[in-house]
Structures are given as structure tokens and as C-alpha cells.
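**Q** sequence first, then the predicted structure:
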Amino acid sequence: MTAVEPCPARPTLADVARAAGVSSATASRVLNGFPRVRAETRRQVESAMAALGYERQRAARGAAQPRTRSIAFVVCEEGLRMFSDPYFARIVVGVSREVTAAGLQLVLLPVPSTRDCQAPAMHYLSSGHVDGALFVSMHGRSPLDLDRIEVPVVVGGRPVHGSEHSQVSYVDADNLGGAAQAVRHLIDSGRSVVATVAGPRDMTVGLDRLAGYRRVMADAERSDHGLVFFGDFGQASGEHAATRLLERRPDVDAIFTASDVMAVGVLRALRRAGRRVPDDVAVVGFDDLPIGRHTDPPLTTVRQPIEEMGARMTRELLGQIVGGSSSPRRVVLDTELVLRASA
């Protein structure tokens, strides 16, 4: 008599994960069509499924659906900056509006620049706690590899390194165009020595606004030698940069500042130096935060749609989660020059 071997148990998702050398959470993301999975990882899981004869359950077919009902809002800044800079409050308003309408929970995840703090955050994002993640205030010094996060990701602002080849979607403002419009206004209004207090050199928002300044200066055949100083988007850095600028170039008669918060510091430095705004020095900011309407004088600035950026980021993320689209989306929103008394 021929012995009959018992039928093997139906392979489970855990069996697939073990055979592919990945976590069960990663295998589940492949099974449910999440786009934020590396191609090699996806091939490993699919090969393991085929080898084991794993059959997808009916509930797993079709487009991915929110499972945890939560998305992460990841702020790549120290806690003090995150709570003191009004930019973050404005963008959270837009995010919260869309998250609430979708019936989801928003999880705040601060990620300081140190590697010791980043590792737990990356583990959290890749361990099935959230359905997707929004990133804001990305710095080039950050070792975060967004392409390795295995949930959908949308970034506020263009990532610094390798953004043209990245598979990460982003929503940005026209920082270069907005800066160019501001500097062109200063030149057209008769200012002869136009300086800038630029943003951080490890953030695309700072680099793009500086590029807009330099483009217009070059078009006008003007040198920016000794006229470029850098800040960190904080008020103190703007005040310090303007103080150094006045020491080096006392003939300056216009300053394009890469953020409204830094512009408040610039105004303080000019007032302390006895320079009248705009009679002696014109000042233009960037962001159109409420604080700019209450400076003395009220601040001419470039308006970027911060709340709409947050809302659009969230809509793009939800589209990835529910629709399963893997093609990166690159959205750039328009800016607008807002004329007030400072320039």
C-alpha cells in the first residue's frame, strides 16, 4: 500500500514573509498593493508567494484601503522650532482639515537631526503603525531615505538630494519665481544695492529662494558680492545676518529676506542701526504669515499658500493610500507678491 502524505497546511502570510526574508508588515504591503515598497523587496515577496502557492484572500484584492486609520505628520526639526515657527501651525491647519474629513487620525512625529532620534522614527513608520506619512522641513543633512519607507509618503517641498530621480511625491511652492518677483520689485522701484538674507543652504526652499534672487540680480547685471547672508528661518538669525550686512555694506538700500520671521529680525536690526524702513532700506519677506501685517511698518512679502500646501499634500497621500498609484507626483503651487509699506 502506498503511503498517503497528509496535505500541507495552507501557507500563511507569515510563511511568505519568512521565505522572502522580510517582516509580515512588509509582505502585507506587497499583498495589498502599497506603492511605497522597493522593487527588489516586492519581487522577493511575490517570488515567495509563487513558490509557496500562497493564495490571496478575497479581502486583500483590489486597491489598498486605510488599515490603521492614521497618518503621520513628520516634522524634521527640533521641538522648539516646531512649536515656535508659525509656518508649522499654518500647514497643520490644512493637513488637519483633510484628515478630519477623511475620518483619519493625525500622528505628530518630530524627527530631530541626530541619527539616534531618527532611527526609532523610521522603525515606527515601517512597522505598520500608520497608513502613510507627510514630511515637512526636510534638510539635506538628514540621512532619512524616503524611498525605503514602506508606506506612501508625500513631502512638503522638493527633497534636496536626488529629487529628480526619487519616487517620492512632493508639494512645493514656486519659491524661485516668488523670490525673483520680490527682487525685481525692489530693483524696479529704484533700489540700487539689493541684498538678501537667505535661508538654510541644506534646504531646497532656501536654495530656490536664493536662486531667484541671484537670477534677477544677474539679469539686471548687478553683482551680489558681499550682499548674501544666511539664516536659519528664525528671527534671531535674521537680526544677526542684517547686523553683519550693515557692517559690511552700509550702502545697502534693500533687503530681500527669505522668510517673514527672519524679516522681523531684519527690521529690528535696521531700527537699532537708525535706518528708516522703507526710506533708507526697503525690506521684503516671504511666506505672508500674520506677523507680517503687524510689523512696523507692515511687511511687503511673497505669499505662499501654506494651508493649501498642507491640504494638497494630504489629498495626494490619501490618493496613494486608497488608489495605490505608484507614480510620483510633483505639484508646485503659485506664489504672489503682497505689497505693503516696507517696500
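**A** The structure has been received and is ready for your questions. Computed from a predicted structure; not experimentally measured.
**Q** point to the residue nearest the middle of this structure.
**A** G156 (2.7 Å; C-alpha atoms, centre = their mean).
**Q** hmm, V171 and it touching each other?
**A** Yes: G156 is within contact range of V171, at 6.1 Å (criterion: C-beta atoms under 8 Å). The way it works is simple: take the backbone N, C-alpha and C, and place the C-beta from them, glycine included.
**Q** tell me, what's touching these two both at once?
**A** M309, M313 (C-beta atoms under 8 Å, 6 or more residues apart in numbering).
**Q** so where do the strands sit in the stretch 151-300 of the chain?
**A** Here the stretch 151-300 of the chain has its strands, by DSSP state E, counting those that start in this stretch, at 153-156, 169-173, 194-198, 228-230, 254-257, 282-287, 300-303.
**Q** equivalent analysis for the stretch 1-150 of the chain, please.
**A** Assigned by DSSP E, counting those that start in this stretch, the stretch 1-150 of the chain shows strands spanning 70-75, 105-110, 132-136.
**Q** any chance of the ones you listed in JSON lines, with mean neighbour count, distance to A89 and mean pLDDT too?
**A** Compiled in JSON lines, the strands of the stretch 1-150 of the chain are given as follows (neighbours: other C-beta atoms under 10 Å; distance: least, C-beta to C-beta, whole Å; pLDDT from 0 to 100):
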{"stretch": "strand 70-75", "mean neighbour count": "24", "distance to A89": "11", "mean pLDDT": "92"}
{"stretch": "strand 105-110", "mean neighbour count": "16", "distance to A89": "12", "mean pLDDT": "91"}
{"stretch": "strand 132-136", "mean neighbour count": "25", "distance to A89": "12", "mean pLDDT": "92"}
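**Q** got those strands as TSV, with distance to G206 columns?
**A** As requested, those are exported to TSV (distance: least, C-beta to C-beta, whole Å):
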stretch	distance to G206
strand 70-75	17
strand 105-110	20
strand 132-136	14
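**Q** between the ones you listed, which gets nearest to V37?
**A** Nearest to V37 among those is strand 132-136; the distance by C-beta to C-beta comes to 12.8 Å.
**Q** the closest one vs strand 105-110, what angle?
**A** Per axes from the mean of the first three to the mean of the last three C-alpha atoms, to 10 degrees, the angle that strand 132-136 makes with strand 105-110 is 40 degrees.
**Q** helices and strands around strand 132-136, which ones?
**A** strand 70-75, helix 86-101, strand 153-156, helix 306-323 (3 or more C-beta pairs under 8 Å, 6 or more residues apart in numbering; DSSP states H and E).
**Q** from the rest of the structure, what touches it?
**A** Under C-beta under 8 Å, 6+ apart, the answer for strand 132-136 is 36, 71-76, 88, 91, 95, 109, 125, 144, 146, 149, 151-157, 313-314, 317-318, 320-321.
**Q** rerun at 7 Å
**A** With contacts defined as C-beta atoms under 7 Å, 6 or more residues apart in numbering, strand 132-136 is touched by 71-76, 91, 95, 125, 146, 149, 151-156, 313-314, 317, 320-321.
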